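K.L.:
Requesting a structural model of the entry that follows:
(one chain, ligands or ions: 1)
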Amino acid sequence: MKAVLGLEDGTFVVGSGVGVEGICSGELVFSTQMTGYMEALTDPSYAGQILMFTYPLIGNYGVDHQNFESSGVRARALVAREISRTPTTKPSVAEYFEENGLLGISDVDTRNLTIKTRTVGTLRASLIVGSDDGDEAVRCARAAPPLSDLDLIASVSCREPYRISGPGKRIAVIDLGVKRQILASLRQRDADILVFPHTAAPDEVMAAEPDALFITNGPGDPRKAVDAIRCVRELAGAVPVIGICMGIQVVALALGGETYKMKFGHRGTNQPVRYRDGSIAITTQNHGFAVDEETLPEGCVVSYRNVNDGTVEGFEVPDLNITCVQFHPEAHGGPRDTEMHFFDRVYRGIP
Ligand SMILES: NC(=O)CC[C@H](N)C(=O)O
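P.N.:
You can find the predicted model right below:
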């Protein structure tokens, strides 16, 4: 089966279709991870985006639900150079995509598409599986709305609050599309976890008498997380605040800071960050927006920076007991350099 991927700049590539016939549009983003393809595809932060892997072969260990970060694939589509036909575990990625009505394309030059993305910046794209009509794919890409116009959080946040009981500190989690491994990392530290939908009001959260407020990762532009921003604005100071990925962006916005869209973002399991004591850690990342350091109010201390481009990867506000990071310390998949550092330190630090 043929498939074609068209970009808003007029380029298109024809390859082999993966999954089922159909059409979809979204931002084309690339990840440099070599493994952990199912963790990435099921990460709710990828909602609204077409995920391309730069590693030339993916799928060599098939699909195992234990690796899922949510109940299924959240990326709009998959782009790969080659997908293994003989994985060590069944089903294969191609079989899983077919059984679940998902869209993808393989046998395309992902290196060239990545160089283009890095050169001109992230582009909107359309994938048509079952066709090689490049002009149509380019037309659809141009007609697709930009990521920042999409309301994606509601599609991945829980509908009702739920609890994962534990004997430890009570954490109110605002679910903007939480990765399972974040909840698992809190559970491993005995936390009593109360998960709230993204629309939770500050008094609803405080009625649960939490020891800390936790803002999760999530898809799209953080400025769309209006209720979470309000929660942090009203509750910062009254309760410790912890944030990961979209969480740090929401905290920055709540404090009066700003976020901006990066040229092509950071996605992969090999992103180096420097802690303020000079030590370096390798982290998992998946973000296309970043906190604008210049706009952070007084009292914010930048704790981590990306080694490649110097952007903010973490900040703290000691006076308000706020700790947040842009990378993923839960590292699923990826290196666990920062897991102990972040979760243990932050969890123990909750009064
Ligand atoms: N993983 C995340 O939480 C991503 C946050 C936001 N959607 C971004 O792309 O920057």
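K.L.:
From the ligand, how far off is Phe97?
P.N.:
For Phe97, the distance to the ligand equals 22 Å [CB to the nearest ligand atom, to the nearest Å]. Just so you know, the C-beta spots here come from the backbone N, C-alpha and C atoms, and that holds for glycine as well.
K.L.:
Just give the closest residue to that residue, not the sequence neighbours.
P.N.:
In space, and not counting its chain neighbours, Phe97 is closest to Gly19: 3.3 Å by CB to CB, 6 or more residues apart in numbering.
K.L.:
just checking, the one you found touches Leu127?
P.N.:
No: assessed by CB atoms under 8 Å, Gly19 is found out of contact with Leu127, at 9.9 Å.
K.L.:
what is in contact with the two at once?
P.N.:
Both Gly19 and Leu127 are contacted by Leu103, Gly104, under the criterion CB atoms under 8 Å, 6 or more residues apart in numbering.
K.L.:
The two: which is more packed in?
P.N.:
Leu127 (30 against 25; other CB atoms under 10 Å).
K.L.:
In this model Ile23 seems to touch that one, though I could be wrong.
P.N.:
Yes: judged on CB under 8 Å, Leu127 makes contact with Ile23 at a distance of 6.9 Å.
K.L.:
Name the residues contacting each of the two.
P.N.:
With CB under 8 Å, 6+ apart as the test, Leu127 and Ile23 both reach Leu103.
K.L.:
where do the strands sit along the stretch 1-150 of the chain?
P.N.:
2-7, 12-19, 22-31, 49-53, 57-58, 77-79, 82-83, 103-106, 123-129 (DSSP state E, counting those that start in this stretch).
K.L.:
Name the nearest residue to Ala254, ignoring sequence neighbours.
P.N.:
That would be Val232: by CB to CB, 6+ apart, it lies 3.6 Å from Ala254.
K.L.:
Now do the same for the one you found: helix, strand or coil?
P.N.:
helix (DSSP: H, G, I helix; E, B strand; the rest coil).
K.L.:
That one: how many residues sit nearby?
P.N.:
If we define neighbours as other CB under 10 Å, then Val232 has 26 of them.
K.L.:
Compute the first-to-last residue distance for stretch 155-162.
P.N.:
With CA to CA, to the nearest Å as the measure, stretch 155-162 spans 17 Å from end to end.
K.L.:
quick check: mean pLDDT across it?
P.N.:
Averaging pLDDT along stretch 155-162 gives 98.
K.L.:
And that stretch, what's buried?
P.N.:
Neighbour counts using 16 or more other CB atoms under 10 Å place Val156, Ser157, Pro161 of stretch 155-162 among the buried residues.
K.L.:
Just want to check the distance between the residue most central in space within the chain and the ligand.
P.N.:
Central residue of the chain (CA atoms, centre = their mean): Ser45, 3.3 Å from the mean position. Ser45 sits 3 Å away from the ligand, going by CB to the nearest ligand atom.
K.L.:
contacting residues for that residue?
P.N.:
Arg74, Gly177, Lys179, Asn217, Gly218, Pro219, Cys245, Met246, Asn286, His287.
K.L.:
Just the ones of those in strands?
P.N.:
Using DSSP state E to define strands, the subset of the contacts of Ser45 located there is Asn286, His287.
K.L.:
Reformat the contacts of Ser45 as a markdown table; add pLDDT and distance to Asp211.
P.N.:
Formatted as a markdown table, the contacts of Ser45 follow (pLDDT from 0 to 100; distance: CB to CB, whole Å):
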| residue | pLDDT | distance to Asp211 |
| --- | --- | --- |
| Arg74 | 98 | 30 |
| Gly177 | 98 | 23 |
| Lys179 | 98 | 22 |
| Asn217 | 98 | 21 |
| Gly218 | 98 | 23 |
| Pro219 | 98 | 28 |
| Cys245 | 98 | 22 |
| Met246 | 98 | 22 |
| Asn286 | 97 | 28 |
| His287 | 98 | 27 |
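K.L.:
out of the contacts of Ser45, which touch the ligand?
P.N.:
Residues shared between the contacts of Ser45 and the neighbourhood of the ligand are Asn217, Gly218, Pro219, Cys245, Met246, Asn286, His287 [CB under 6 Å from any ligand atom].
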